[in-house]
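>>> One predicted model, sequence on top.
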Amino acid sequence: MVTKIFLSIGALVAIAFIALAINKVRADQEVDRIWRSLEVVPAEHSFTEDMVAELPAPVKRYFLHAIAPGTPVASSVSLEMSGSFRMAQDKPWIPMQAKEIISALKGLVWKPVIGSGLSQFVGTDYYANKSGRMRFFLWGVIPLVNAHSPDINRSSIGRFVGELIWLPSALLPEYGVSWQAIDEKTIQASLKIAGEPVTLTLVIDTNGKLLKLSLPRWGEHTEDGSFAYIPFGGEIQK
């Protein structure tokens, strides 16, 4: 009798594990399809100073530092990154490695591996086809987070725009981006993604090198946990 009970429990555990594995495979296949849809070959035309000639001087300085004249105008970029990550300001830093693809006007996919050993989790954070989603798994199998909603969509748009610093060609006026200079070192890009207006503020040095970025991003990190526009951004250390 005891043997039968253990065999039944083992069978149930095996079935549950297979179901979790199938769920993870399907999630990976979905993300892989989105990733491939964001892969775009460089445009046939190259970046020239004339493309930013009508922009305010500080904005022009930023583009000429970020994109060398004669460079094919990139429509997407793939990145590999490593560093540290923490869930909140009062949480410890843990190791992180990730791959990311960003495509002008289309969206992004971020695929991190965070932590190590028994606390390792993997997943994706993406915005594509006017839809945002966060999905993470403990040990690559057990679902931890599967968030997708209109609020997540709006939040994902904010992150997408912030990540465009890695693809400066996507901020050119030809993509419908409007620019203004606040002062000699502060410039602002205004654009719309799926109807969501976003204002991206960049701080640059005298050579046009990016130092800081900021934007109001839709998120729930408020005192009562409700969604609102909150400050989002970062600093470039090197």
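Cool, got the structure.

>>> Now do the strands in the chain.
76-85, 94-103, 107-114, 121-128, 131-138, 142-147, 178-183, 186-193, 196-204, 210-219, 228-235 (DSSP state E).

>>> Quickly compare the ones you listed and say which is most buried.
Counting by mean count of other CB atoms under 10 Å, strand 121-128 has the highest mean neighbour count of the strands of the chain, with a mean of 23. (Each C-beta comes from the backbone N, C-alpha and C, glycine too.)

>>> Can you list the strands that it pairs with?
strand 107-114 (antiparallel), strand 131-138 (antiparallel) (DSSP bridges).

>>> Report the angle between that strand and strand 94-103.
If you take axes from the mean of the first three to the mean of the last three CA atoms, to 10 degrees, strand 121-128 sits at 20 degrees to strand 94-103.

>>> List the contacts of strand 121-128.
Strand 121-128 is contacted from outside by 27, 31, 34, 37-38, 106-115, 132-140, 144-145, 153, 156-157, 159-160, using CB atoms under 8 Å, 6 or more residues apart in numbering.

>>> So what's the gap between that strand and the chain middle?
9 Å (CA atoms, centre = their mean, to the nearest Å).

>>> Contact partners for Gln188?
Trp179, Gln180, Ala181, Ile182, Thr199, Leu200, Thr201, Leu202.

>>> TSV for those, including distance to Phe63 and pLDDT?
Shown next, in TSV, are the contacts of Gln188 (distance: CB to CB, whole Å; pLDDT from 0 to 100):
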residue	distance to Phe63	pLDDT
Trp179	9	98
Gln180	14	98
Ala181	12	98
Ile182	16	98
Thr199	18	98
Leu200	14	98
Thr201	16	98
Leu202	11	98
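
>>> show me where pLDDT drops low in this protein?
1-21 (pLDDT under 70).

>>> ok, 90 please
1-28, 40-45, 85-91, 105, 116-121, 138-145, 220-225, 237-238 (pLDDT under 90).

>>> picking that back up, so which of the strands paired with strand 121-128 is nearest Leu191?
strand 107-114 (13.7 Å; CB to CB).

>>> got the angle for the closest one vs strand 76-85?
Using the same axes, to 10 degrees: strand 107-114 against strand 76-85 is 30 degrees.

>>> Show me the contact partners of strand 107-114.
Contacts of strand 107-114 (CB under 8 Å, 6+ apart): 31, 34-35, 38, 85, 94-102, 120-129, 156, 159-160, 163.

>>> circling back to that earlier point, of the contacts of Gln188, which is the nearest to Ala228?
Thr199 (15.8 Å).

>>> Please name the nearest non-neighbouring residue to that closest one.
Ser190 (5.2 Å; CB to CB, 6 or more residues apart in numbering).

>>> any idea how far the one you found lies from Gln120?
40 Å (CB to CB, to the nearest Å).

>>> Over to Thr222?
According to CB to CB, Thr222 and Gln120 sit 30 Å apart.

>>> Closest to Glu44 out of the contacts of Gln188?
Trp179 (24.4 Å).

>>> Pretty sure the closest one sits against Leu55.
Yes: the criterion here is CB atoms under 8 Å, and Trp179 meets it with Leu55 at 5.3 Å.

>>> got any residues that touch both of the two?
Taking CB under 8 Å, 6+ apart as the criterion, Trp179 and Leu55 both touch Pro173.

>>> Run a quick neighbour tally on Glu220.
Around Glu220 there are 13 other residues, counting by other CB atoms under 10 Å.

>>> Please apply the same query to the one 3 residues further on.
Neighbour count for Glu223, taken as other CB under 10 Å: 6.

>>> and Asp205, what is it in contact with?
Lys185, Leu211.

>>> Would you confirm that the residue nearest to Thr199 contacts Glu196?
No: counting by CB under 8 Å, Ser190 sits too far from Glu196 to count as a contact (11.8 Å).
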